[in-house]
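Student: only geometry, no sequence info:
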């Protein structure tokens, strides 16, 4: 929705600088300061933001800098923004763009226009990487159709939703392109008591299509709230109310972050009757409380949101904070991502050692200390040798204990340092607790019971089964460990099979491994 009312407040200049360090705004996300994107002495409104496959960030909006409303866009390649590029040149008003990159790499821009001189209609155009197509009419009726939003689903269909008053009051409609033709237009909402406007659409990674919009009561006061509904591939859910504030919540937009959380942003005048940007997040089970993002002295409206490949979340909006004109601003946000290894505990056949060829078990405890669900990779090592890696998904605050099995067949005897690490997740900055060394286990050869140290034989394995080991068992042949009074020549290291008697079985066990190192 476009506001054209001049502010009565005194005008002022506000300079925004980009800071390298993020500043905390709530305990779930750290946000940069506000960054001013456009500086024209004109009205810049209704931005739409995406990141293309080549890494470029695109922002499109409408502006009256040409004397009427036209669509403009600019791109960011990682270091700087391009100059503004004019996308439409019609003599009438083109407004409310929505951007999307299709699976074939082409960028689509859909917008509403009043070029028929009777009402608003929906048009689109496509960029093939070199040039833009002509403006193509998509929805043309005798009543206003406006505020479109576009997305592509994994089956290749391109969906467009918009608001239309063809039934007498604003309702949400949609249609889709299957690669060869557009479907018929389908009415999505049927609430005659409310104005359903400003829709936004996206598909989640589980295949569910989400549509959010503002629903405004027709009676006195016209209180607006944000609603949504979902499509599971066969049917639409009922309308679900997302906000319940007594002021106007309008112009929602939606996206899914890399950790599968659903974000919805919108503008609300609940704070001193001045519009600010708010958001809330769905983790798959519940929604967070409404969170205020901006707190300017003038109106902040029409937000758009995306997440780029480095994990940062971008929200762009229009604000009337300089010279009482609307310009575009944006913030960069980073969710708190933090995974940690809390414990590493090896379990061998004996407390501190295990015999070569046996399975040594290593228990690793990991935890998600971040604010969002994470898919993580956990790796377990003996010295620098990878025992195994495993993947696990952890909800915020969830602890998980997992057991790794280390097959020691062929492992050289000796002490081994056991450690584990969890690979850093996208957006994680605190990696000091991502690894832990907290256990040592010795690998021994079965039958290696003694060793020669400083010229004397001691009951300490030396990493080989030789004549010293063989002679020790023979020398103690026949000894038993009696319960009340052990044999005077009893030596527990010679009891290889640990049955409390040194017999032929012990001699044969040493002999079976004789010569191993």
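Tutor: Looks like it arrived, so ask away. Quantities reported herein were computed from a predicted structural model and do not represent experimental measurements.

Student: Please count neighbours and contacts with C-alpha atoms only from this point.
Tutor: Noted.

Student: Neighbours of residue 219, how many?
Tutor: 9 (other C-alpha atoms under 10 Å).

Student: What is the neighbour count of the nearest residue to residue 101 once chain neighbours are set aside?
Tutor: Leaving aside its chain neighbours, residue 101 sits nearest to residue 107 (4.3 Å; criterion: C-alpha to C-alpha, 6 or more residues apart in numbering). With neighbours defined by other C-alpha under 10 Å, the count for residue 107 comes to 19.

Student: And residue 427, by the same measure?
Tutor: If we define neighbours as other C-alpha under 10 Å, then residue 427 has 15 of them.

Student: residues contacting the closest residue to it other than its chain neighbours?
Tutor: Computed as C-alpha to C-alpha, 6+ apart, the closest residue to residue 427 that is not its neighbour in sequence is residue 311, at 5.3 Å. Shown in contact with residue 311 (C-alpha atoms under 8 Å, 6 or more residues apart in numbering): 258, 334, 426-427.

Student: Helices of this protein, residue ranges please.
Tutor: 467-475, 504-512 (DSSP state H).

Student: Need the winner for burial among those helices.
Tutor: With neighbours taken as mean count of other C-alpha atoms under 10 Å, those reach their highest mean count in helix 467-475, at a mean of 19.

Student: mind checking how far residue 494 is from residue 461?
Tutor: For residue 494, the distance to residue 461 equals 12 Å [C-alpha to C-alpha, to the nearest Å].

Student: ok, the two, which is more surrounded?
Tutor: residue 494 (30 against 20).

Student: Just to check, that one is in contact with residue 468?
Tutor: No - assessed by C-alpha atoms under 8 Å, residue 494 is found out of contact with residue 468, at 11.0 Å.

Student: ok, and what's touching stretch 510-517?
Tutor: Contact with stretch 510-517 is made by 412-413, 445-448, 463-466, 469-470, 496, as judged by C-alpha under 8 Å, 6+ apart.

Student: Let me see the mean pLDDT of it.
Tutor: Stretch 510-517 shows a mean pLDDT of 87.

Student: distance between the ends of it?
Tutor: Start and end residues of stretch 510-517 are separated by 13 Å (C-alpha to C-alpha).

Student: list the contacts for residue 126?
Tutor: Listed by C-alpha under 8 Å, 6+ apart, the contact partners of residue 126 are 106-109, 132-134.

Student: Can you tell me which of those has the most neighbours?
Tutor: Neighbour counts for these, by other C-alpha under 10 Å, peak at residue 109, which reaches 24 neighbours.

Student: measure that residue to residue 102 for me?
Tutor: Separation of residue 109 from residue 102 (C-alpha to C-alpha): 11 Å.

Student: Residue 237 too?
Tutor: Between residue 237 and residue 102 the distance is 26 Å, computed by C-alpha to C-alpha.

Student: more neighbours, those two?
Tutor: Counted by other C-alpha under 10 Å, residue 237 and residue 102 do not tie: residue 102 has more neighbours, with 18 against 11.

Student: That one contacts residue 154, correct?
Tutor: No - in this structure residue 102 lies outside contact range of residue 154 using C-alpha under 8 Å: 10.0 Å.

Student: Ranking by neighbours, what's the top pick from the contacts of residue 311?
Tutor: Of these, with other C-alpha under 10 Å as the count, residue 334 tops at 21 neighbours.

Student: picking up where we left off before, can you tell me which of the contacts of stretch 510-517 are buried?
Tutor: Using 16 or more other C-alpha atoms under 10 Å as the burial test, the contacts of stretch 510-517 include 413, 445-448, 463-466, 469-470, 496 as buried.

Student: Closest to residue 386 out of the residues you listed?
Tutor: Set against residue 386, the nearest of these by C-alpha to C-alpha is residue 413 (16.9 Å).

Student: could I get the contacts of stretch 510-517 as CSV with pLDDT and distance to residue 245?
Tutor: Output for those, formatted as CSV (pLDDT from 0 to 100; distance: C-alpha to C-alpha, whole Å):
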residue, pLDDT, distance to residue 245
412, 92, 68
413, 93, 68
445, 91, 71
446, 90, 73
447, 88, 76
448, 89, 75
463, 87, 73
464, 90, 77
465, 89, 79
466, 91, 82
469, 88, 81
470, 86, 84
496, 86, 76
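
Student: so which of these comes closest to residue 482?
Tutor: Proximity of the contacts of stretch 510-517 to residue 482 (C-alpha to C-alpha) peaks at residue 496, which lies at 16.6 Å.

Student: Show the contacting residues for the closest one.
Tutor: Residues in contact with residue 496 (C-alpha under 8 Å, 6+ apart) are 447, 449, 502, 506, 509-510.

Student: returning to what we had before: let me have the contacts of stretch 510-517 in CSV, extended by distance to residue 359.
Tutor: Shown next, in CSV, are the contacts of stretch 510-517 (distance: C-alpha to C-alpha, whole Å):
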residue, distance to residue 359
412, 14
413, 14
445, 13
446, 14
447, 17
448, 18
463, 19
464, 20
465, 21
466, 24
469, 24
470, 26
496, 19
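
Student: domains for this protein, by residue range?
Tutor: As assigned by automatic domain parsing, the chain contains the domains 23-335, 339-444, 451-512.

Student: ok, back up a step: which one of the helices of the chain lies closest to residue 168?
Tutor: Of all the helices of the chain, it is helix 504-512 that lies closest to residue 168, at 92.7 Å by C-alpha to C-alpha.

Student: Distance to residue 120 added to the contacts of residue 126, as CSV?
Tutor: Formatted as CSV, these follow (distance: C-alpha to C-alpha, whole Å):
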residue, distance to residue 120
106, 26
107, 23
108, 19
109, 16
132, 22
133, 21
134, 18
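
Student: okay, those in TSV with pLDDT and distance to residue 320 next?
Tutor: TSV is the format used below for the contacts of residue 126 (pLDDT from 0 to 100; distance: C-alpha to C-alpha, whole Å):
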residue	pLDDT	distance to residue 320
106	98	33
107	98	29
108	98	28
109	98	25
132	98	31
133	98	33
134	97	32
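
Student: between those residues, which is nearest residue 477?
Tutor: Distance to residue 477, by C-alpha to C-alpha, is smallest for residue 106 among those, at 83.7 Å.

Student: How about the closest one: what's its closest non-neighbour residue?
Tutor: Leaving aside its chain neighbours, residue 106 sits nearest to residue 128 (4.9 Å; criterion: C-alpha to C-alpha, 6+ apart).

Student: what's the answer for residue 255, then?
Tutor: Using C-alpha to C-alpha, 6+ apart, the closest residue to residue 255 is residue 263 (5.4 Å).

Student: Neighbours of that neighbour, how many?
Tutor: Neighbour count of residue 263, defined by other C-alpha under 10 Å: 19.

Student: which ones are touching the nearest residue to residue 161 once chain neighbours are set aside?
Tutor: Closest residue to residue 161 apart from its sequence neighbours, by C-alpha to C-alpha, 6+ apart: residue 174 at 4.2 Å. Shown in contact with residue 174 (C-alpha under 8 Å, 6+ apart): 159-162, 185-188.

Student: Pass me the low-pLDDT residue ranges in this structure, would you?
Tutor: 1-28, 220-221, 483-488 (pLDDT under 70).

Student: any idea how far the closest residue to residue 261 other than its chain neighbours lies from residue 76?
Tutor: Leaving aside its sequence neighbours, residue 261 sits nearest to residue 283 (C-alpha to C-alpha, 6+ apart; 4.8 Å). Going from residue 283 to residue 76 by C-alpha to C-alpha gives 30 Å.

Student: and if you look at residue 323?
Tutor: According to C-alpha to C-alpha, residue 323 stands 26 Å off from residue 76.

Student: same deal with residue 420?
Tutor: 39 Å.

Student: Also residue 394?
Tutor: Residue 394 sits 34 Å away from residue 76, going by C-alpha to C-alpha.

Student: One more: residue 68?
Tutor: Distance, residue 68 to residue 76, using C-alpha to C-alpha: 26 Å.

Student: go on, residue 35?
Tutor: 13 Å.

Student: try residue 130
Tutor: From residue 130 to residue 76 the distance is 17 Å (C-alpha to C-alpha).

Student: same thing with residue 121?
Tutor: Residue 121 sits 30 Å away from residue 76, taking C-alpha to C-alpha as the criterion.
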